[in-house]
Structures are given as structure tokens and as C-alpha cells.
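In: below is the sequence, then the predicted model.
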Amino acid sequence: MSPCSAIPVVVVDDDAAFRIGVAANLADDGHPVYQCEDPRDVTHERLATAHILVTDYHLANTDGISFADRVHRTRPGLVIVLATAYWTVEVEAAVAARPLVHLCHKPVDYEDLHARIHELASTA
């Protein structure tokens, strides 16, 4: 991967296996990755350097939609990939109302995630 295609990514998930797996996979592909277990611990400075945020729909202290809304108050243009194994009509409707939030199925297909990150970063 060339340095110009490295995209800074923040990964937030209270599921350590998912968070560490996604972060390691993205880092192996050359992306600078910051990972955090609790969305309350993600700093404004860290969000300022990110191009993509990958998070889960089900988080310990909030849900992915509420977290995305909070992030967008600080970083209105940040693209968010919301991963969920619980894909419902309600989740789809909530995401459809937020053009910078995109759904991704869990378990994550890493090739698809890489492609999605590059596609979203180029349109952001």
C-alpha cells in the first residue's frame, strides 16, 4: 500500500476481539489506527485526525446511532462505519437518515471493509 492511500481510522468497540481484530487488520494494510473500548474515551483530538470511524451498533454505554450523532456534533464530516450483527429495519432507517453513517455486517469481511474504507474516504 502506498503512503498516500493510508487512511487514519478510529475503531471503537467494547468487544475486544472485534476491536483488536479490525484494528490489527487495518494496521497491517498500512492505516494508522487508534482503538478505544469506550466511546466516552474518544478524544476530540483523535477525532480531528481521523478520516473514518468504525464502531459497533451495540456499545456498553450507548448505541452506535447516538454515538454517531455525538461524534457529528464535533466532527460533522466524519464518515462512520457502523458494524452490526443485528441488522433491522429500524437500524437501517436510522442510518438512512444519516448520510455519513454506513452499515457493515458482522462478522466483518476484511476485504470488503478495506474496500469500503477506501471508497468512503475518497468521497468524504
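Out: On my side now, so go ahead.

In: what's the pLDDT at Cys4?
Out: For Cys4, the model assigns a pLDDT of 46.

In: list the buried ones in stretch 115-123?
Out: 116-118, 120-121 (16 or more other CB atoms under 10 Å). Using the backbone N, CA and C atoms, a C-beta is placed for each residue, glycine as well.

In: this protein: strands as residue ranges?
Out: Taking DSSP state E as the test, the strands found in the chain are 9-12, 33-36, 52-56, 79-84, 101-105.

In: show me the contacts for the residue lying closest to Ala85 once chain neighbours are set aside.
Out: Sequence neighbours aside, Lys106 is the residue nearest to Ala85 in space, at 4.0 Å (criterion: CB to CB, 6 or more residues apart in numbering). Taking CB atoms under 8 Å, 6 or more residues apart in numbering, we find Lys106 in contact with 18, 56, 83-85.
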